[in-house]
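Student: Sequence below, structure please.
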Amino acid sequence: MRQTAYVPYATAQDGTRIAYQISGEGQPLVLLAGQSNNHTWWEPVRGDFDTTYRTITLDWRGTGASDKPDEVYSTPGFADDVVAVLDELGLASAHVYGTSMGGRVAQWIAINHPDRVRGLVLGCTSPGPAHGFERSQELRKALADPIRAGRVLIDLMYTPQWRAANPGPYPVLGDADMPPYAKGRHLVASNKHEAWERLPEIGAPTLILHGADDIFSPVANAQVLSERIPQARAEVIAGARHAYFHEFRAVASPLVLEFLAVAGLGYDSTD
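Tutor: Here you go, the predicted model:
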């Protein structure tokens, strides 16, 4: 008889089951994926971190093995789901590294649950449309075109030279098994993110990473965030596009590890 792999779940406030995954040992580090993606977003680089940290990923509601309710999603709501996972694991706090929409969610964890975040890393993300820099309307139209969207998205993520040497598959192009309604819910949640007014409340030391050639989430957002968050500094990676953490892992991962080593001094997850 074929056995089904065990999947651990946390239960969110509304009863939604959130699947999570754990690897490695050490201080806990939560890795948050982009919009309409599940935990596999991190698979190419997870090994850079789980030799030092206990890495925790999750499948956003609507993706992977998590429940997929057809209801309003939001970045603050996703943040509450992450906290439910920390609660399930008995963790008082953790480092949090969020990229793209995951970076938007990470902002809300640090704002609404400040005692749960030690070191905060925000990658290729923005504070929201009111004061951030958004992708162009031409690009939005291209991504909405079902014939062009896949090709355009790959080009936004990686440089042509890297793609030629690394033909895929690419783990950052979305959860192919998501129901259409969930994809729509994710898109609205990300587009409606707006944390500008509350960013100064973030008390965690913060590292902001961005690819210099990112036009999916324009690189100007890195400076906006670093100026708005009190203990933040930005690092822009030359030549990188949206998936800087994958293609330029040799640059990005050491920056994160160096930052977390300092942020984790005196760390006790039971504090």
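
Student: Check the offset of the lowest-mean-pLDDT helix or strand in the chain from the chain's centre.
Tutor: Lowest on mean pLDDT, DSSP states H and E among the helices and strands of the chain sits helix 137-144, with a mean of 90. Distance, stretch centre to chain centre, for helix 137-144: 22 Å (CA atoms, centre = their mean, to the nearest Å).

Student: In the stretch 151-271 of the chain, what residue spans correspond to strands?
Tutor: Using DSSP state E, counting those that start in this stretch, the strands found in the stretch 151-271 of the chain span residues 206-211, 232-237.

Student: And the stretch 1-150 of the chain, by the same measure?
Tutor: Taking DSSP E, counting those that start in this stretch as the test, the strands found in the stretch 1-150 of the chain are 9-11, 17-23, 27-32, 53-58, 94-99, 117-123.

Student: Out of these, which is the most enclosed?
Tutor: The highest average neighbour count among the strands of the stretch 1-150 of the chain, using mean count of other CB atoms under 10 Å, belongs to strand 94-99 at a mean of 28. In this view, the C-beta of every residue, glycine as well, is placed from N, C-alpha and C.

Student: neighbouring strands for it, and are they parallel or not?
Tutor: strand 27-32 (parallel), strand 117-123 (parallel) (DSSP bridges).

Student: Throw those into CSV and include distance to residue 176 and mean pLDDT, thanks.
Tutor: Listed next are the strands paired with strand 94-99 as CSV, based on distance: least, CB to CB, whole Å; pLDDT from 0 to 100:
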stretch, distance to residue 176, mean pLDDT
strand 27-32, 20, 98
strand 117-123, 23, 98
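
Student: Just put the ones you listed in CSV and tack on distance to residue 161.
Tutor: Formatted as CSV, these follow (distance: least, CB to CB, whole Å):
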stretch, distance to residue 161
strand 27-32, 26
strand 117-123, 21
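
Student: Can you check which of the strands of the stretch 151-271 of the chain gets nearest to residue 120?
Tutor: strand 206-211 (4.4 Å; CB to CB).

Student: follow-up on the earlier one: what does the least confident helix or strand of the chain rub up against?
Tutor: Helix 137-144 is contacted from outside by 148, 149, 152, 153, 156, 215, 216, using CB atoms under 8 Å, 6 or more residues apart in numbering.

Student: In helices, which of these appear?
Tutor: Among those, the subset assigned to helices under DSSP state H consists of 149, 152, 153, 156.

Student: Now do residue 266: how many residues are near it, please.
Tutor: For residue 266, the neighbour count with other CB atoms under 10 Å is 7.

Student: could you measure it against residue 214, distance?
Tutor: To residue 214, residue 266 is 34 Å away according to CB to CB, to the nearest Å.

Student: before we move on, what about residue 34?
Tutor: Residue 34 is 12 Å from residue 214, by CB to CB.

Student: next one: residue 121
Tutor: From residue 121 over to residue 214 the distance is 16 Å, taken as CB to CB.

Student: who's in contact with the residue nearest to residue 211 when sequence neighbours are not counted?
Tutor: Spatial nearest neighbour of residue 211, excluding adjacent residues (CB to CB, 6 or more residues apart in numbering): residue 240 at 3.1 Å. Contacts for residue 240 were tallied using CB under 8 Å, 6+ apart; they are 159, 210, 211, 212, 213, 214, 247, 248, 251, 252.

Student: got it, and residue 170?
Tutor: The contact partners of residue 170, by CB under 8 Å, 6+ apart, come to 154, 157, 158, 243.

Student: Quickly name whichever of the residues you listed is closest to residue 107.
Tutor: Of the contacts of residue 170, the one sitting nearest to residue 107 (CB to CB) turns out to be residue 243, at 20.0 Å.

Student: Can you read off the pLDDT for that closest one?
Tutor: As summarised for this prediction, residue 243 has a pLDDT of 98.
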